[in-house]
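Enquirer: I would like the atomic coordinates for the input below:
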Amino acid sequence: MNFLYRLFLYLVLPIALTIAAVVGSAYHWAHGAVTLPAPYVDVLVPPGATAASIARLLGQSGVQINPRFFSWLARFGGFDTKLKAGGYQVVQGDTPWTVLRRMAMGDMTQRQVTLVEGWNLRQIRAALAQHPDIRHTLDQITDAQLAERLGANSTFAEGLLFPDTYIFPIGTTDLDILQRAYRAQQKVMEKVWEQRAADLPLGSPYEALVLASLIEKETGSPADRARIAGVFVNRLRAGMPLQTDPTVIYGMGEAYEGKIRKRDLQTDTPWNTYTRTGLPPSPIAIAGRASLTAALQPEKHGYYYFVSRGDGTSAFATTLAEHNKNVSTYILGRKP
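Expert: Numbers count the residues shown, from 1 in each chain. Coordinates of the predicted model:
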């Protein structure tokens, strides 16, 4: 009995106390808040990352987590085979355990980007390129190659995206976002095309998309969309050139300096609707649902002309003489 007591006192008890101390320290470490260099730290976990490599990534961002301990904790908690790639945020008060649990559950940090109605593809590319939480993959991809990657039948990527706010986890690629916008546009177009008015001079949903882009760029007044659509439809039926300035600007590209001159109207490009009849070969911007609907459900009227009043609305005319009076009033500032 005396031997057993001494064995317990000098061997078993120290080992048990050591184990208890280690377990207690490990528990305290696992559930103690990590120290952050800022209120929050974003980390992008690549596919195939281990707990140890994630700890090293966090360390590079100023979050000091021991890779070996982090790896042991992941194995002990059953997280090591469940860690999911994506963007995560470590915030004040987080512990190694909560960080691992978040990554195992795939509870990724969400960001957003807005594609604005009336933007062209150059503006969209710039917005994505400037977003710090998007992984950029399209820098060396041409617009034609982008159209192919989107799965479009057109050689033009312009106008194929739906304007909306897109929520995404950190580290999402620019192509992923554009593919979502493309699918959204296809879905909306399919629905509005089914509800189109009869006998429109539009042979395909793509032509409707082109027309909708012109409507989008021509009006700041929702009430005028269907009426402007009616003007374009009347001109298409009559074989008249559409004569819409935004197409000239689009055809000028980066040469446009904020003002259209007479020679610009006379300089032919595939998009110049002063020098060419019919619709341009592609959309000139992304169009919202309202403009798509207007293109396919235009107002029926006898107008062939319109001019901006300068307040976002337009003045409409049935004859060139009427239109010239409107131009004199609203563009030249002359009193009637």
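
Enquirer: how about low-confidence regions in the chain?
Expert: 1-31, 333-336 (pLDDT under 70).

Enquirer: and the helices in it?
Expert: 2-7, 13-30, 51-60, 67-77, 96-105, 121-129, 143-150, 174-194, 205-218, 225-238, 245-252, 262-266, 289-296, 320-330 (DSSP state H).

Enquirer: right, and the ones you listed - which one's nearest residue 304?
Expert: helix 225-238 (5.4 Å; Cβ to Cβ). In this view, the C-beta of every residue, glycine as well, is placed from N, C-alpha and C.

Enquirer: rewinding a little: in TSV, list the helices of the chain along with distance to residue 312.
Expert: Output for the helices of the chain, formatted as TSV (distance: least, Cβ to Cβ, whole Å):
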stretch	distance to residue 312
helix 2-7	92
helix 13-30	60
helix 51-60	50
helix 67-77	57
helix 96-105	47
helix 121-129	20
helix 143-150	30
helix 174-194	24
helix 205-218	11
helix 225-238	12
helix 245-252	15
helix 262-266	23
helix 289-296	14
helix 320-330	12
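
Enquirer: in a markdown table, list these along with distance to residue 282 and mean neighbour count.
Expert: Converted to a markdown table, the helices of the chain look like this (distance: least, Cβ to Cβ, whole Å; neighbours: other Cβ atoms under 10 Å):
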| stretch | distance to residue 282 | mean neighbour count |
| --- | --- | --- |
| helix 2-7 | 88 | 9 |
| helix 13-30 | 57 | 11 |
| helix 51-60 | 43 | 18 |
| helix 67-77 | 51 | 17 |
| helix 96-105 | 43 | 20 |
| helix 121-129 | 10 | 17 |
| helix 143-150 | 10 | 16 |
| helix 174-194 | 14 | 17 |
| helix 205-218 | 7 | 24 |
| helix 225-238 | 16 | 21 |
| helix 245-252 | 9 | 21 |
| helix 262-266 | 19 | 12 |
| helix 289-296 | 15 | 24 |
| helix 320-330 | 28 | 15 |
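
Enquirer: what about residue 222, neighbour count?
Expert: 12 (other Cβ atoms under 10 Å).

Enquirer: kindly provide the distance from the residue nearest to it when sequence neighbours are not counted to residue 332.
Expert: In this structure, residue 222 finds its nearest non-sequential neighbour in residue 290, 6.2 Å apart by Cβ to Cβ, 6 or more residues apart in numbering. Distance, residue 290 to residue 332, using Cβ to Cβ, to the nearest Å: 31 Å.

Enquirer: now do residue 295
Expert: The value you get for residue 295 to residue 332, if Cβ to Cβ is used, is 30 Å.

Enquirer: repeat that for residue 52.
Expert: 73 Å.

Enquirer: just residue 43 next, same as before
Expert: 60 Å.

Enquirer: so these two - more neighbours on which side?
Expert: Set residue 43 next to residue 332 and count neighbours by other Cβ under 10 Å: residue 43 wins out with 21 against 8.

Enquirer: that one and residue 56 touch, don't they?
Expert: No. If you go by Cβ atoms under 8 Å, residue 43 and residue 56 don't touch, sitting 10.5 Å apart.

Enquirer: what lies in contact with stretch 313-328?
Expert: For stretch 313-328, contacts defined as Cβ atoms under 8 Å, 6 or more residues apart in numbering pick out 218-221, 223-224, 227-228, 231, 301-309, 329-330, 334, 336.

Enquirer: sorry, that was for stretch 125-138
Expert: Residues contacting stretch 125-138 (Cβ under 8 Å, 6+ apart): 42, 44, 87, 111, 113-115, 119, 139, 146, 168, 170-175, 177-178.

Enquirer: got a quick ChimeraX command for the buried subset of the residues you listed?
Expert: The ChimeraX command for the buried members of those (criterion: 16 or more other Cβ atoms under 10 Å) is given here:
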select :42,44,87,111,113,115,119,146,168,170,171,172,174,175,177,178
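
Enquirer: so which of the contacts of stretch 125-138 sit within strands?
Expert: Using DSSP state E, the members of the contacts of stretch 125-138 that fall within strands are 42, 44, 87, 111, 113, 114, 168.

Enquirer: what's the farthest-apart pair in those residues?
Expert: 44 and 114 (22.0 Å).
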